[in-house]
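Q: Give me the fold of what follows.
(chains A and B)
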Protein chains: 2
Amino acid sequence: MLDKVVIVGVGLIGGSFALGLKAAGAVRRVVGIGREPQAMARALELGIVDEVAASFDTARDADLVLLAAPVAQTGRILAALLPHLGARTVVTDAGSTKSDVVAAAREVLGERIHQFVPGHPIAGSESNGPDAAIATLYRGKKAVLTPLPENADDAVELVAEAWRACGALIHMLSPLEHDRVFAAVSHLPHLLAYALVDDIAAKPHADLLFQYAASGFRDFTRIAGSSPEMWRDISLANQAALLTELDAYLAQLTTLRARLAASDGAALEAVYANAQRARREWIEAIEAGSPPPPPNQEPE
Amino acid sequence: MLDKVVIVGVGLIGGSFALGLKAAGAVRRVVGIGREPQAMARALELGIVDEVAASFDTARDADLVLLAAPVAQTGRILAALLPHLGARTVVTDAGSTKSDVVAAAREVLGERIHQFVPGHPIAGSESNGPDAAIATLYRGKKAVLTPLPENADDAVELVAEAWRACGALIHMLSPLEHDRVFAAVSHLPHLLAYALVDDIAAKPHADLLFQYAASGFRDFTRIAGSSPEMWRDISLANQAALLTELDAYLAQLTTLRARLAASDGAALEAVYANAQRARREWIEAIEAGSPPPPPNQEPE
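A: Numbering: from 1, shown residues only, chains lettered A, B, ... in the order given. Modelled structure (predicted):
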């Protein structure tokens, strides 16, 4: 049981973490802190937090501080937190990129970097703000931790236990592995979807095109409905890995273009069939996966 | 009321057309014809067709023949049909590309091309075969007709009425317009989704990547679950328009790459924000659209 958890940024991600902990009886008191007074008042009203703090001084006696603000603010928030950081408090985050977060944390925290355990819950929604927060957001989802050599085992385990209480399954990667993986399976698809919609919207006959776009287009571009500010920050934060993935994809598209221009149906079909097979195996693996554990229980 | 409709290829598309007509009381008798005896027997068993024919001679006294087989087979089917084609029978199709279908039809039908009204219902599913057919597949969906200069108004109206009976909304485009529109909003996204999954599947750490792929990836790549053979045929049939769209998209991605490499956050955000706005307006326009008309009634 955690005595006190401080959440910095009480929107979908931070709010759902608070609600998940509360639903599991895993925390005594949750304190929210954030820049938008209205959102904080709403989080209090909804019972997501028990108290709203005006200063990071509230973190002095916290067991755990979760940063759930945009990743570009990590350094600024940690700098404000540092003077109030208790010796036994563990800090974690929920950012979609890890190498940049770790670099910012090292720069700001110096020798106290051992108190920072980086993390990234793989869950979300297109909705945002405290009203979107739900206790079950993380149930059966992965929470990736990217512990640092300086972290004590106890600190990592405290963060892992909190996510498990929310129903999440703990996975461990290095910050670099994390960023390479998500560049491929998340950041690149976002960029591709944004690019396609922007490309179509810029055409003179865009209205005609959108008129005939159907459900396949809708699903393909769903992630282009995400926050442009957030994805600008993620793109820049994970620039190197994203460029690597984008270059590989551009090379793949250029090869496909040559096959199409050469009317090489067999080569096109080989790519399509390989993709269909790989995707089917992936979906089957997901569906064969064990059902998510109930909250507040250890996964097997 | 149509007296006799012949469906060539009784799968999802042809079967749903038959069921839609029957549900609306718009046809007296549906005859199926196809290369797979098991599928035809199943279509008969399910009541999708009233009779299975072994020869195109059944088309002699039909009001309407619908080709619902892969587009690459259009010429072969029309050549088999031609000797049995009654003077007052109208032929239409449901293919995803139109210029190639029209070219094949012109070559085979010659002066009887006036009896062929090309069409494309914008509806589907990842399932296939007669068991996937449902009477409501086309309700509220678009059915695009691309009439030819040779078509009599009566012939076009007969096909339009049949689709309206299934609940579809009739749209008219030229074959060339049709192919350009669907290259942008359907054929290119399919190619992009196939390319991404194939790209990831070919990486040495593909298993690790798929392990962390989440719901955004699942939606983005849903269309890569489609039939490779069908999409090979569509890609080749619409080669010119698809190459044009692919080149525009490659240019767009190359520009975005340069912006990312230059850490130009404002330029990235401008693209992302424009895409988000365009997509939101598109979704709002869809949701504000009038509800689909009930089957067998004229849309306003």
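Q: what stretches of chain A score poorly on pLDDT?
A: For chain A, the stretches flagged by pLDDT under 70 are A:126, A:290-300.
Q: quick one, domains of it?
A: Per the record, chain A has its domains at A:2-173, A:178-261, by automatic domain parsing.
Q: Now find how far off-centre stretch A:283-290 is within its chain.
A: The gap between where stretch A:283-290 is centred and where its chain is centred comes out at 22 Å by C-alpha atoms, centre = their mean, to the nearest Å.
Q: for that stretch, which positions count as buried?
A: For stretch A:283-290, a neighbour-count test (16 or more other C-beta atoms under 10 Å in any protein chain shown) marks nothing as buried. Using the backbone N, CA and C atoms, a C-beta is placed for each residue, glycine as well.
Q: Is chain B within reach of that stretch?
A: Yes: Stretch A:283-290 comes into contact with chain B (C-beta under 8 Å from any C-beta of the partner chain), by way of A:283, A:285.
Q: Could I get the contacting residues of the closest residue to A:Leu12 other than its chain neighbours?
A: Ranked by C-beta to C-beta, 6 or more residues apart in numbering or on different chains and with sequence neighbours excluded, the top spatial neighbour of A:Leu12 is A:Ala132, at 4.4 Å. The contact partners of A:Ala132, taken as C-beta atoms under 8 Å, 6 or more residues apart in numbering or on different chains, are A:11-12, A:15, A:125.
Q: of all those residues, which two lie farthest apart?
A: A:Gly15 and A:Ser125 (11.5 Å; C-beta to C-beta).
Q: Of the two, which one has the most company?
A: A:Gly15 (30 against 13; other C-beta atoms under 10 Å in any protein chain shown).
Q: Got the phi and psi for the more buried one?
A: Dihedral pair for A:Gly15: phi -70, psi -40, per degrees, to the nearest 10.
Q: List the buried residues of stretch A:25-38.
A: Quick answer for stretch A:25-38 (16+ other C-beta under 10 Å): A:26-27, A:30-34.
Q: Out of those residues, list just those in strands.
A: Residues of those located in strands (DSSP state E): A:27, A:30-33.
Q: Chain B next: which of the residues you listed are close?
A: By C-beta under 8 Å from any C-beta, no member of these lies near chain B.
Q: Which single one of those residues is nearest to A:Glu229?
A: Within these, proximity to A:Glu229 (C-beta to C-beta) peaks at A:Ile33, which comes in at 20.6 Å.
Q: what about the residue lying closest to A:His114 once chain neighbours are set aside, which SS state?
A: The spatial neighbour of A:His114 that comes closest, neighbours along the chain excluded (C-beta to C-beta, 6+ apart), is A:Glu150 at 4.0 Å. Three-state call for A:Glu150 (DSSP: H, G, I helix; E, B strand; the rest coil): coil.
Q: Pull the number of nearby residues for A:Glu150.
A: Around A:Glu150 sit 15 other residues, with neighbours defined as other C-beta under 10 Å.
Q: wait, it sits on A:Ile113?
A: Yes: A:Glu150 lies in contact with A:Ile113 (C-beta atoms under 8 Å); the separation is 5.3 Å.
Q: can you pull the contacts of A:Arg112?
A: Contacts of A:Arg112 by C-beta under 8 Å, 6+ apart are A:82, A:85.
Q: Phi, psi for it please.
A: Taking degrees, to the nearest 10, you get phi -90, psi 10 for the backbone angles of A:Arg112.
Q: what does the one 4 residues further on give?
A: Note on A:Phe116: backbone dihedrals following degrees, to the nearest 10 are phi -110, psi 120.
Q: and which of the contacts of A:Ala132 is nearest to chain B?
A: Ranked by distance to chain B (C-beta to the nearest C-beta), those are led by A:Ser125 at 9.1 Å.
Q: Assess the claim that that closest one and A:Gly11 are in contact.
A: No: here A:Ser125 does not reach A:Gly11: they are 10.6 Å apart, not a contact under C-beta under 8 Å.
Q: Burial check on the residue nearest to A:Pro70 when sequence neighbours are not counted, number of neighbours?
A: Setting aside the residues directly before and after it, A:Pro70 is nearest to A:Asp233 in space (C-beta to C-beta, 6+ apart), at 5.6 Å. Neighbours of A:Asp233 under the rule other C-beta under 10 Å: 22.
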